[in-house]
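J.: the sequence isn't on hand, but the structure is:
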């Protein structure tokens, strides 16, 4: 029974709380409704005031637009008037500047005229001793003037004077000034300059004569040198060509060889061709010979030069390197002949060439990389 009472009591308390909450909610709802109604009334009043204000603003805006349009028209009119005034002021300013310049030019011209008149009066008084009044009285426009002189004559013939005509006299003045300008300025130092130029001309003439003599002497020296070179070359060529035929026939038994000039008429500029025909061949051009034949032909030319123009000693560097035993033996025979009158220094690797030497010099590499010169006299 107590549990039931407790349950009913708890239920009654819950219902009381629910009723209290419901009452509080209704009270809040009533307050919110009253507030909303008040806000609605305020909004309605504000809306009515805003509509009235909008109407007033619309009317004011239209009136302001009208006033702005009128102001813009007035502004445009003022700007047009201002532009016109500025153009007028600019035109007046330009006219004023032109008038000012004209006045200034007039003043300057007047001053120049006055100065010119004063100069003329002073010049007439200083050079001719005539006062301006007397000058005007004697040579003024009221006086008769002589006629112009005919073309090509120094002075006018006797003729009647004519009245003064300003245009005609100004024309005569311009012609006289032009003729005077064509004469040019008078150089007061002309005599001194002529004397200096004459002395300079004399000096340069002497120098030119010296140069011509020197040139003639040099040409004579060149001619003598050319003649001597031509004689020496011709003699050396003839001797070498003669020796070449003999040496070639010894190195090439049964063959023929000779030296030919490319331009015999010009010994100072000619070249030398070698014609070689070994035995059993018809070719003469060196390019068609074998390597050994070309080497032996070159040795023949070298030995021919040695025989034509002997020297105390000769140096040859492996000239027989490409020769076979037969040709080497022939070359050794020629070397023996050269040994009789000259000393031969031959760099060679051929043992047979070393056998005919009087002394041998060799270079040997030691174990430490240092080279050592070894010499041995054979005879």
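T.: Yep, that arrived. Computed from a predicted model, the values in this text were never measured in an experiment. Numbers count the residues shown, from 1 in each chain.
J.: and the contacts of the worst-scoring helix or strand of the chain on mean pLDDT?
T.: Ranked by mean pLDDT, DSSP states H and E, the weakest helix or strand in the chain is helix 132-139, scoring a mean of 74. For helix 132-139, contacts defined as C-beta atoms under 8 Å, 6 or more residues apart in numbering pick out 121, 124, 125, 128, 130. Where C-beta positions appear, they are placed from N, C-alpha and C, glycine not excepted.
J.: count residues in the vicinity of the first one, would you?
T.: The number of residues packed near residue 121 is 15, by other C-beta atoms under 10 Å.
J.: just the element for it, please.
T.: Using DSSP states H and E, residue 121 maps to helix 2-123.
J.: give the buried residues for the helix or strand harbouring residue 304.
T.: Taking DSSP H and E as the criterion, residue 304 maps to helix 291-308. Neighbour-count burial for helix 291-308, counted by 16 or more other C-beta atoms under 10 Å, picks out 293-297, 299-301, 303-308.
J.: chain center to the least confident helix or strand of the chain, what's the gap?
T.: 69 Å (C-alpha atoms, centre = their mean, to the nearest Å).
J.: tell me which residues are up against the helix or strand just after it.
T.: Scanning forward in sequence from helix 132-139 by DSSP H and E, the next helix or strand is helix 166-183. Helix 166-183 has contacts (C-beta under 8 Å, 6+ apart) with 141, 145, 148.
J.: what's the answer for stretch 209-227, then?
T.: Under C-beta under 8 Å, 6+ apart, the answer for stretch 209-227 is residue 268.
J.: in it, what's buried?
T.: Buried residues in stretch 209-227, counting neighbours by 16+ other C-beta under 10 Å, are absent.
J.: quick one: average pLDDT of it?
T.: For stretch 209-227, the mean per-residue pLDDT is 93.
J.: and the host helix or strand of residue 339, what does it pack onto?
T.: Element membership of residue 339, judged by DSSP H and E, is helix 325-341. Helices and strands touching helix 325-341, as assessed by 3 or more C-beta pairs under 8 Å, 6 or more residues apart in numbering; DSSP states H and E, comprise helix 190-251, helix 291-308, strand 343-347, helix 351-355.
J.: show residues contacting the last one.
T.: Which is helix 351-355. So helix 351-355 is in contact with 320, 325, 328, 329, 332, 335, 346, 348, 360, going by C-beta under 8 Å, 6+ apart.
J.: which stretches of the stretch 201-350 of the chain aren't confidently modelled?
T.: Scanning the stretch 201-350 of the chain for pLDDT under 70 picks out the ranges 283-284.
J.: returning to that earlier point: right, and the helices and strands packed on helix 325-341 - which one's nearest residue 101?
T.: helix 190-251 (46.4 Å; C-beta to C-beta).
J.: which neighbouring elements make contact with the very next helix or strand once past that closest one?
T.: Proceeding N to C from helix 190-251, the next assigned helix or strand is strand 256-261, under DSSP H and E. With contacts defined as 3+ C-beta pairs under 8 Å, 6+ apart, the packing partners of strand 256-261 are helix 190-251, strand 272-277, helix 291-308.
J.: can you redo the ones you listed as JSON lines with distance to residue 68?
T.: Output for the helices and strands packed on strand 256-261, formatted as JSON lines (distance: least, C-beta to C-beta, whole Å):
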{"stretch": "helix 190-251", "distance to residue 68": "90"}
{"stretch": "strand 272-277", "distance to residue 68": "115"}
{"stretch": "helix 291-308", "distance to residue 68": "117"}
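J.: residue 6 is nearest to which of the ones you listed?
T.: Proximity to residue 6 (C-beta to C-beta) singles out helix 291-308 among the helices and strands packed on strand 256-261, at 144.6 Å.
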